[in-house]
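quick check, what structure comes out for this input:
(chains A and B)
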Amino acid sequence: MTEKPKKIVFDPKKVTVEGSLAILALGDVGFDAWRKVKIAHNRFSSDEEK
Amino acid sequence: MKKNKVLLIGWDAADWDIIWPLIAQGKMPALKSLIQRGVYGNMSTMNPPYSPMLWTSVATGKTPDKHGVLGFIEVTPDAKTVRPVTTTSRKTRALWNIFHNKGLASNLVGWWPSFPVEPINGTIISDRFQKTSRNPKKQTPMSEFVIHPWEKKDEFKDLRMFPFEITQAHLYPFVPRAHDVDQDMHRGLAAIASVVSQNTSVHNAATKLLRTSEWDFMAVYYDMIDHFCHSFMKYHPPKLPGVEKENYDIFKEAVTGSYIFQDMMLERKLKLIDKDTTVIVMSDHGFESGEKRILEMPKVQAAPSLEHRQFGMFVAAGPNIKENTKVFGMGLIDVAPTILHHYGLPIGKDMDGKVILDIFKETQEPTYIESWDKEPGDFGDLKVSTQTDALSDAETMEQLVELGYVDKLDEKFEVAIKKTRIDLKHNLARVYLGKKDFSSSKKLLLELLEETPPTDLAPFYMNLISIAVLEKEFVLAKEYLQKVKDSKTEINYNLDLTESYILSEIGRPKEALAILDKSTAVSGQILYKKATLNFVLGNLDIATQQLEKAIEKEPEKATYYTLMAEILLNKQEYEEAAEYALTSIEIVKYFPKAHLLLGQALENLGDLENARVAYEMANSLKPKEFHKAKQSLDNIIKKVELDIDYTAEVSNVYQENQVTIVSGLPRSGTSLMMQMLDKGGVDILQDQLREADISNPKGYYEYKPVMSLYKDNTWLSKGQDKAVKVVAPLLKYLDSTLRYKIIFMRRDLNEIIQSQQKMIGKSEQEFPVTLYNKYQKLLANVTLWDKSEPGVEILYVNYTDVLENPASELARIEKFLGVGVNKQEMINCVDVSLYRNRTKAKK
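Now for the predicted structure:
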């Protein structure tokens, strides 16, 4: 499946671990970015604990 | 890039009553933009309003008796258990099957039901995709029947959101005080987490497909609004009495929050499509948000559906769709034919819906084939072997139980199976009832009456009452009503309303009204029924007051405005009558009676041109009162073309096949008038069974069947181009499909009563006051009746004027009848010596 180029609608760097409805409303792209932030955060928290 | 695409978005339970205020506040900008560049209107639902049935009707253009999806759950093919409804229940082809056959690609996301998936050209993310466990420790694996083609599973599996992923940031927009919720006492937040995560999963799959796939048709279904409404509508402003204040304060923004989030998701999808795509956003039914909200759910099958409202919403925008235009008369079954027509494909003649041509800028004549189901070839039909285990789904079942749509399954599966069979059969009976196929409905309902306890038979009896009333089997209706009264049903039916309805149908309006007056319930429906009865009884002011209250309670009911227009017409308040008729049409455009009343009001206001338009509309709809619309239209055409004096109450034009009626109260000179017409050359319909006597020495000119006009008026066509005598109280029983010229004899009421007293040998000294009042009311009712019957014209003739000035009265009569009469012969009939009961003042 080839992804069609679409204009950027949000900045993934601004996605917080808490997330938001605005991010969810963006659909797969927003959801995927939020999940990545969450995973990174969890990894970071886990490392911190260690 | 593909052209001519359609994106169909389903918002279960979305309702204009919530949407319009949000649009006005700027909180639903995406939908607003669609409305501004497209069409919008009400979407009429069907009964029973169960979503899987309704969305299957949307996809097939057929009613549930034809498509086979009859409820939320189904019995498995091996008859060993029950499960949430699946594609296997559908027995006809859906839009995506037809497109598959025509080489068009469809994407389907979350459609209810779309599991197990069909092997179509395109992608299906079925309605089981988003159903996941709330338990973070529990895996919710996808089966191969969830996604088509299964090879795409890796692209979508990580797009599922789980309820335990919901954060405070997701909850606050719906519940700003989420931190105050005692989750042991209220499960609201858990419900939101479940619904939001599931709808996000659907949305993720939809946006993924919009971004990455080539398609011709795409349908996405969201149940978020429906689930939010079922959980939180009771907390939606204004606060209802009986709702706990703390919960109200906490959850009052939940419903609007779901609409706003749905709009945000719409905005995203609109950004992912091109200008050539036609977008449809629609709901399957509305949701009660006013006084009729239910706080305590009754124990009936699929009880939450009682909160559903008759009208959902519909918006469409696209290159060939009209702009900012309201459209009317749409039903769920019209969607599939309309979409097929958009693609230039023929409509199956076995589809129940029609093409909504009104939405298109440029229209072409729809084409038809016998049935898409009979067409040979590859339609991507379901081939999966439906193994019970593979299709059973604990999460979906659990959710249906929690929502109250399905009872918790009995541990004994045979009990659950029996209950499901009964429910589905009852649903089918209700579908037939909605289609006015009474014999099919009755057959099923009578079979259901054979069911043994603990089955509650009352719902079946209630449907049988409806059928009996519609078939005018009132004795049977009363028998069924008694069965419900005697039953131990836990359902709180408003039997007063039912009983009152039966009584009014059998012509006992006073008793019908007395029952409602005693009733403690004060719903809009009861107020409307009371107003109807008071209208029938001539209590116009009371009827008006009751209707005002009914409208206040249920401002969306077109029938309430129509009745108000009818009453105001009778009160000769024509401007107000026109306004109410117009409001009714605003709500339901294809409401023939409202157009007829609008025409009558406008005609009385002298606006003949617009009255004619209204009559034409009523006439084109061919309603039950079709003849009235036709008669009104004929009248107005004659008025305009023949330049008839508008101030005259009558046309003075001969109407083809007119029946001349001589009427009035007994002893008002009707026999004299009949005799005059006879001598004047008018054919008389009479049987001469009643002989002349001292009271009427020149004969009565009566026709025996008139006496039983109230039960048989089929003989009236014999009176065409003849004259027949009908006493005033019987006029309302005339067959209103015919044309009448009524010469109504008026005489001083005191004289009439005096003459009657004398005729029956009673003392003239004792004046019967009650009788006098009754006659007065009767005469007033004749005037009211005349105004509502376009086929009737009444010329009022004074008895004394006939005696004292016969020449000028006969000239009026000749003009009125529109046929020549021998006036001299008529004058010769006048014998002043017979005028014996004149009042003292006149002697």
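
so where's the longest helix in the chain?
Since no chain was named, I'll use chain A. Once chain A is assigned using DSSP state H, the helix that runs over the most residues is helix A:28-49.

oops, I was thinking of chain B
Among the segments of chain B that qualify as a helix by DSSP H, the longest is helix B:188-212.

contacts for whatever helix or strand comes next after that helix?
Under the assignment DSSP states H and E, the closest C-terminal helix or strand after helix B:188-212 is strand B:217-222. Applying CB atoms under 8 Å, 6 or more residues apart in numbering or on different chains, the contact partners of strand B:217-222 are B:5-12, B:55, B:59, B:95-96, B:99, B:104-112, B:122, B:127, B:199, B:202-203, B:206, B:209-210, B:262, B:265, B:269, B:339, B:343. In this view, the C-beta of every residue, glycine as well, is placed from N, C-alpha and C.

distance from the chain centre to strand B:217-222, please.
28 Å (CA atoms, centre = their mean, to the nearest Å).

in chain B, which residue sits closest to chain A?
B:Thr207 (2.7 Å; CB to the nearest CB).

give me the number of residues near that residue?
Close neighbours of B:Thr207, defined as other CB atoms under 10 Å in any protein chain shown, add up to 25.

model confidence for it, exactly?
The predicted structure scores B:Thr207 at 98 on the pLDDT scale.

and the residue nearest to it when sequence neighbours are not counted, what does it touch?
With sequence-adjacent residues excluded and distances taken as CB to CB, 6 or more residues apart in numbering or on different chains, B:Thr207 is closest to A:Gly27, at 2.7 Å. By CB under 8 Å, 6+ apart, the contact list for A:Gly27 reads B:His203, B:Asn204, B:Ala206, B:Thr207, B:Lys208, B:Leu210, B:Met265, B:Arg268, B:Lys269.

out of those residues, which is most surrounded?
Busiest of these [other CB under 10 Å] is B:His203, holding 32 neighbours.

OK, contacts around it?
With contacts taken as CB under 8 Å, 6+ apart, B:His203 has the following neighbours: A:Leu24, A:Ala25, A:Gly27, B:Val220, B:Tyr222, B:Met265, B:Arg268.

so the second one touches B:Lys269, yeah?
Read it as A:Ala25. No. Taking contacts as CB atoms under 8 Å, A:Ala25 lies outside contact range of B:Lys269: 9.7 Å.

C-terminal to the host helix or strand of B:Lys639, what's the next element?
B:Lys639 belongs to helix B:626-641 when elements are defined using DSSP H and E. Following helix B:626-641 in sequence order, the next helix or strand is strand B:659-664 (DSSP H and E).

what packs against whatever helix or strand comes next after that next one?
Beyond strand B:659-664 on the C-terminal side, the first helix or strand identified by DSSP H and E is helix B:670-680. Using 3 or more CB pairs under 8 Å, 6 or more residues apart in numbering or on different chains; DSSP states H and E as the contact definition, the elements that helix B:670-680 packs against are strand B:659-664, strand B:723-725, strand B:740-746, helix B:799-804, helix B:823-828.

the helix holding B:Lys639: which residues count as buried?
Neighbour counts over helix B:626-641 (16 or more other CB atoms under 10 Å in any protein chain shown) mark B:Phe626, B:His627, B:Lys628, B:Ala629, B:Lys630, B:Gln631, B:Ser632, B:Leu633, B:Asp634, B:Asn635, B:Ile636, B:Lys639 as buried.

can you check stretch B:808-826 too?
Of the residues in stretch B:808-826, those scored as buried under the neighbour-count criterion (16+ other CB under 10 Å) are B:Glu809, B:Leu810, B:Arg812, B:Ile813, B:Glu814, B:Phe816, B:Leu817, B:Val821, B:Lys823, B:Met826.

that stretch: end-to-end distance?
Distance between the boundary residues of stretch B:808-826 (CA to CA, to the nearest Å) amounts to 12 Å.

where does it sit relative to the chain's centre, distance-wise?
48 Å.
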